[in-house]
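Student: got a structure for you, letters missing:
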C-alpha cells in the first residue's frame, strides 16, 4: 500500500502491516475531529499497488504530486515501512533534523538507547 506520509513523503507499507495499522486505527474515536481529519487524509490517498515482475510499483499521479516527486527520489527505511522522498526535500529535512536526532534520543526513546 502506498499513501501520504508526513512531511510530504510517501509511505509504502506491506499489505499485512497496513492491515494491522488499519485495525489499530479503528479504535480512534469518530467524535475526535483531529482523528477524522488524519484518517481521511491517510486513507483517501491510499493506493494498493502490485509490484511487477521486476519488483517495481507505479506511483499514482496524485501521490507523486503530493510528495513533489519529479525526478530524483530517495527511498529510506522507516522501521515497518519505506518512505519515498523528493531528493531535495529529503536533503533539507535530514539536514534540519540532524542536531535534533543527536539530542532527542533519550527523550524519544528513554531507556532503549
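Tutor: Happy to help now that I have it. Computed from a predicted model, the values in this text were never measured in an experiment.
Student: what residues of the lengthiest helix in the chain count as buried?
Tutor: Criterion DSSP state H: the longest helix present in the chain is helix 87-108. Neighbour counts over helix 87-108 (16 or more other Cβ atoms under 10 Å) mark 89-90, 93 as buried. Placement of C-beta: from N, CA and C, glycine included.
Student: for residue 12, which non-adjacent residue is closest in space?
Tutor: residue 82 (4.7 Å; Cβ to Cβ, 6 or more residues apart in numbering).
Student: residues touching that neighbour, list them.
Tutor: Counting by Cβ atoms under 8 Å, 6 or more residues apart in numbering, residue 82 makes contact with 11-12, 75-76.
Student: if you set the cut-off to 7 Å instead, what comes out?
Tutor: 12, 75-76 (Cβ atoms under 7 Å, 6 or more residues apart in numbering).
Student: for the lowest-mean-pLDDT helix or strand in the chain, packing partners?
Tutor: Least confident element among the helices and strands of the chain, by mean pLDDT, DSSP states H and E: helix 87-108 (a mean of 84). Where contact means 3 or more Cβ pairs under 7 Å, 6 or more residues apart in numbering; DSSP states H and E, helix 87-108 is packed against strand 73-77.
Student: report the rounded mean pLDDT for the strand it packs on.
Tutor: Taken as a whole, strand 73-77 has an average pLDDT of 96.
Student: now do it against helix 87-108, angle only.
Tutor: Interaxial angle of strand 73-77 relative to helix 87-108 (axes from the mean of the first three to the mean of the last three Cα atoms, to 10 degrees): 20 degrees.
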